[in-house]
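Q: Curious how this folds, go ahead:
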Amino acid sequence: MKQFEHLTDAEIISRVLQGEKPIFEVIVRRYNPHLYKVGRSYNYNHEDTQDLMQDTYIDAFKNLAQFEQRSNFKTWLIRIMLNNCYRKQQKYSFKNEMTKDTVNENVTPMFAGSDNDAQRRIHIRELGNVIENSLSEIPEDYRMVFSLREMNGLSVADTAELLNISEANVKVRLNRAKAMLQKEIQRSCTPEEIFEFNLKYCNPFTERVMKKIMEL
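A: You can find the predicted model right below:
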């Protein structure tokens, strides 16, 4: 599939709709990290998140012809993932613990810089579980805004649309989420490294999803 990696989402979608099913694998690999972060930010474990990701890709494939290319495909795909997460949450009456912590609303960038030396990477791996657990303890309203904005790189407008809140609310919630995580995360890692979907997971998962899609 490496020969197709340079293609845009629109080009891939067009070719899939013309019957080139296998090329959908590029989409799966391209968006695995983003969907994984959404599922884990919803407090689902690794296995449940992968199941939700698979459902999302299958839903997207089945409805690919309905995608309006005026919108952003990444946003469209994440919306499907969010809907699946919400439905699962409702089905099992999944409740997140809400806190009433006082937060400092500031606009200081959370990840102001990066240092890629080997010692820092070792430090990141050692603290990875602690960081992820800390994020899981943040109230869902703030955690989801943090996930979409910082970890998935969506715009304020797209985040507001996906979560059905105002853009001003997105900014407030993001600042509050940053304040809750500032001490642990700022000194330890970048947002891309939180809930990382490693290659050892990506390959078998992608094969599983494509097997399902090829059977459709």
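
Q: List the contacts of Ile213.
A: Residues near Ile213 by CB atoms under 8 Å, 6 or more residues apart in numbering: 21, 24, 57-58, 61. The C-beta positions use only the backbone N, C-alpha and C, and glycine is treated the same way.

Q: Of the residues you listed, which qualify as buried by neighbour count?
A: Neighbour-count burial within the contacts of Ile213 applies to 24, 57, 61; the criterion is 16 or more other CB atoms under 10 Å.

Q: The one helix or strand in the chain whose mean pLDDT sits lowest: what's the following helix or strand?
A: Every helix and strand in the chain was compared by mean pLDDT, DSSP states H and E; the lowest is helix 118-136, with a mean of 60. As assigned by DSSP states H and E, the chain's next helix or strand after helix 118-136 is helix 140-146.

Q: so where does Asn43 fall, helix or strand?
A: Going by DSSP H and E, Asn43 is not in any helix or strand.

Q: quick revisit: tell me which of the buried ones among the contacts of Ile213 is nearest to Lys37?
A: Tyr57 (15.3 Å; CB to CB).

Q: Tell me where this protein is predicted with low confidence.
A: Along the chain, segments meeting pLDDT under 70 span 1, 70, 93-131, 183-194.

Q: for stretch 151-162, how far is the first residue from the last?
A: 15 Å (CA to CA, to the nearest Å).

Q: what's the answer for stretch 11-30, then?
A: Using CA to CA, the span of stretch 11-30 from its first residue to its last is 14 Å.

Q: list the buried ones in it?
A: 12-13, 15-16, 23-30.

Q: ok now that stretch, how far from the chain's centre?
A: Here the centre of stretch 11-30 is set off from its chain's centre by 20 Å, with CA atoms, centre = their mean, to the nearest Å.

Q: Domain parsing of this protein, as residue ranges.
A: Per automatic domain parsing, the domain ranges recorded for the chain read 2-95+198-214, 118-193.

Q: Would you mind confirming that Pro33 makes contact with Phe197?
A: Yes - Pro33 is in contact with Phe197 according to CB atoms under 8 Å; the separation is 4.7 Å.

Q: Show me which of those two is the more surrounded one.
A: Between Pro33 and Phe197, Phe197 has the larger neighbour count (other CB atoms under 10 Å), namely 21 against 17.

Q: Mind checking what secondary structure the more buried one has?
A: Secondary structure state of Phe197, per DSSP: H, G, I helix; E, B strand; the rest coil, is coil.

Q: now do the one 4 residues further on
A: For Tyr201, the secondary-structure state derived from three-state DSSP is helix.

Q: Next up, the contacts around it.
A: 46, 50.

Q: Quickly note the distance from Lys37 to Gln66.
A: Applying CB to CB, to the nearest Å, the value for Lys37 to Gln66 is 25 Å.

Q: all helices for this structure, in order.
A: For the chain, helices defined by DSSP state H occupy the ranges 9-17, 24-41, 46-62, 73-91, 118-136, 140-146, 156-163, 167-185, 199-214.

Q: Same list (these) but as CSV, adding distance to Gln3.
A: Below are those laid out as CSV (distance: least, CB to CB, whole Å):
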stretch, distance to Gln3
helix 9-17, 12
helix 24-41, 10
helix 46-62, 21
helix 73-91, 20
helix 118-136, 31
helix 140-146, 36
helix 156-163, 30
helix 167-185, 38
helix 199-214, 16
